[in-house]
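[1] heads up, no residue letters with this:
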């Protein structure tokens with residue numbers, strides 16, 4: 001399994017439990033991790049070289065590795081796409097993201113290398129060539145119809161050095177390919193940090209430093225949040241209901257009559273016009289809607305009193321009958337080697353080959 005950050009103290013013999021995960025900020029439209037957070041994680045290490053063009057680091061890194069910039073914006077976009085994909089669905093899970101990024105940071109020298117010529121291993125999770133095809137086939141199982149296996153076979157190590165495939169390869173290892181390690185085979189996204197380490201390296205080693213660095217950088221550089229749409233005042237969303245004057249129609253009671261005077265009757269409410277020619281309007285329902293309005297109080301926009309139909313002009317009738325449009329929304333460091341993992345993966349590959357004979 002690969003590299004990590006600058007050593008600050010010798011690794012503990014017994015790994016400590018990771019602290020609580022850093023709470024994540026809102027992540028709209030698939031933005032789960034900011035590119036600045038990835039660069040921050042790499043900046044922590046003075047041993048490994050930079051992983052994006054915008055960083056000021058100028059160290060060249062140790063020999064025996066092929067370095068690249070695997071935390072650039074293109075790689076950050078690919079990471080966010082995978083985390084937000086329904087197959088993974090971890091964009092809103094701050095704890096899962098912290099563990100995921102910490103494991104990859106340790107495996108790749110803080111996102112600076114995904115290929116080691118010494119053993120020919122490649123990937124954000126360091127894999128021997130014998131595991132490339134099983135991993136690509138697992139990618140095909142998770143995302144059918146994309147023919148990752150054929151692409152990996154033709155591209156070789158370059159497959160894992162490409163943003164479109166690199167992070168999906170890690171997700172496939174977490175979900176399926178980790179089964180090449182004895183006693184593994186679970187969905188590592190939901191496992192403990194120590195169990196993830198065991199099912200990557202075959203044993204538990206102290207990767208706490210990477211976990212802590214990732215937590216601090218995620219907190220310091222949260223993903224951008226989507227601006228909320230502006231709230232409209234009540235007057236802009238609800239028209240006031242103003243009672244219209246009522247003209248009495250009953251004759252007054254005669255002097256000496258024992259009958260009380262009849263209560264005035266308000267004219268019925270009717271539509272302000274005929275919308276039957278419009279495809280979205282049902283005129284019969286329109287008439288029924290106005291007829292059900294409380295007596296003496298017609299809807300101020302869509303209805304009117306029948307008695308006033310020929311007397312009260314309706315200059316806004318045509319506008320009121322237009323289909324309303326919704327208001328627009330605003331878019332809103334420690335040194336280590338790969339050798340242990342290589343031996344374990346080689347043994348697993350040999351065992352798998354015997355079983356297939």
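    Yep, it's here. Fair warning: this is a prediction, and the values are worked out from it, not measured in the lab.
[2] In contact with residue 187, which residues?
    Counting by Cβ atoms under 8 Å, 6 or more residues apart in numbering, residue 187 touches 174, 175. Every residue, glycine included, has its C-beta placed from N, CA and C.
[3] Relative to residue 124, how far out is it?
    18 Å (Cβ to Cβ, to the nearest Å).
[4] mind listing the strands for the chain?
    Secondary structure of the chain (DSSP state E): strands at 66-67, 113-116, 121-122, 269-271, 303-305.
[5] Packing partners of the second one?
    For strand 113-116, the contact count by 3 or more Cβ pairs under 8 Å, 6 or more residues apart in numbering; DSSP states H and E identifies strand 66-67, strand 121-122 as packing neighbours.
[6] same thing but at 6 Å, please
    If you count contacts as 3 or more Cβ pairs under 6 Å, 6 or more residues apart in numbering; DSSP states H and E, strand 113-116 packs onto no helix or strand.
[7] Report the strands that pair with that strand, each with its relative direction.
    strand 66-67 (antiparallel), strand 121-122 (antiparallel) (DSSP bridges).
[8] most tightly surrounded among the ones you listed?
    strand 121-122 (a mean of 26; mean count of other Cβ atoms under 10 Å).
[9] Next, work out how far apart the residue nearest to residue 224 when sequence neighbours are not counted and residue 189 are.
    Spatial nearest neighbour of residue 224, chain neighbours left out: residue 31 (6.1 Å); criterion: Cβ to Cβ, 6 or more residues apart in numbering. According to Cβ to Cβ, residue 31 and residue 189 sit 19 Å apart.
[10] contacting residues for residue 188?
    Counting by Cβ atoms under 6 Å, 6 or more residues apart in numbering, residue 188 touches 174, 178, 196, 199.
[11] Nearest residue to the last one in space, ignoring adjacent ones along the chain?
    Right, residue 199. residue 184 (3.7 Å).
[12] Output the strands of the chain in a markdown table; the columns should cover distance to residue 147 and mean pLDDT.
    Shown next, in a markdown table, are those (distance: least, Cβ to Cβ, whole Å; pLDDT from 0 to 100):
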| stretch | distance to residue 147 | mean pLDDT |
| --- | --- | --- |
| strand 66-67 | 26 | 94 |
| strand 113-116 | 22 | 94 |
| strand 121-122 | 19 | 94 |
| strand 269-271 | 60 | 84 |
| strand 303-305 | 62 | 82 |
